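Asker: Sequence plus predicted model, see below.
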Amino acid sequence: MVALSLHTVQDGNALRALLTKKALSKVRHFEVEEFIHHIIDHISHQDFPYSMYKFSRSDMDQLLDGIGTFIAQTINFGLSVEQITSDLQACGVSQEHQMIIVSAISARREEIREKISNSSIKLNRAHLVDFDWKLNITLASEKIGQTKNPVFLLSLYLEQDDGSRQEVVLEFPKDDLDAVILQ
């Protein structure tokens, strides 16, 4: 399969489902808009009405993943209507279906953005509990140029919602620390 150059992803993986399964051609013409809105609802973690469509469960899951990822990426990347249309056209989606998809994304852009933000916040609800820092000086090394170089160590202690703790240690050589401070 030829790699596609798209605004959403370089190789077109998010739209492979549209190409390989010809998803929209399997949905009756008058149901395409409803189908796209059901996918957007699915992005919002609502149940997808599998029984309404004549796909196998695995095909439908692949379609939901592919089309849902595409829709989410159009929002994450802040694509314009023209860029979304260009990506759909590059994937062989008919002009009529392009208009339906773009219309649905445009109409629900803020809702999708909010749902994506909320779901990403729910994925990682760790918060900083404590931190520690220290400055180490390398006194000996097999490389003479690396002796007496300061290294800043920052330990972040994170706590998950379930109470588990995690330590993240960041090590900054002098040059990296200078760059971080300047930002």
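Answerer: Great, that's in hand.

Asker: what helix or strand is the spatially most central residue of the chain on?
Answerer: In the chain, the centroid-proximal residue (CA atoms, centre = their mean) is Q73; its distance is 6.3 Å. Q73 belongs to helix 57-76 when assigned by DSSP states H and E.

Asker: Same check on K148?
Answerer: Using DSSP H and E, K148 sits within no helix or strand.

Asker: cool, and A104?
Answerer: When elements are assigned from DSSP H and E, A104 belongs to helix 95-107.

Asker: List the buried residues of that helix.
Answerer: Neighbour-count burial for helix 95-107, counted by 16 or more other CB atoms under 10 Å, picks out H97, Q98, I100, I101, V102, A104, I105. No exception for glycine: its C-beta is placed from N, CA and C like everyone else's.

Asker: would a markdown table of the residues you listed with distance to Q89 and pLDDT be doable?
Answerer: Listed next are the buried residues of helix 95-107 as a markdown table, based on distance: CB to CB, whole Å; pLDDT from 0 to 100:
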| residue | distance to Q89 | pLDDT |
| --- | --- | --- |
| H97 | 10 | 84 |
| Q98 | 6 | 87 |
| I100 | 14 | 90 |
| I101 | 11 | 90 |
| V102 | 11 | 92 |
| A104 | 17 | 93 |
| I105 | 15 | 93 |
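
Asker: nearest to V151, of these?
Answerer: For the buried residues of helix 95-107, the minimum distance to V151 (CB to CB) is 47.6 Å, reached by I105.
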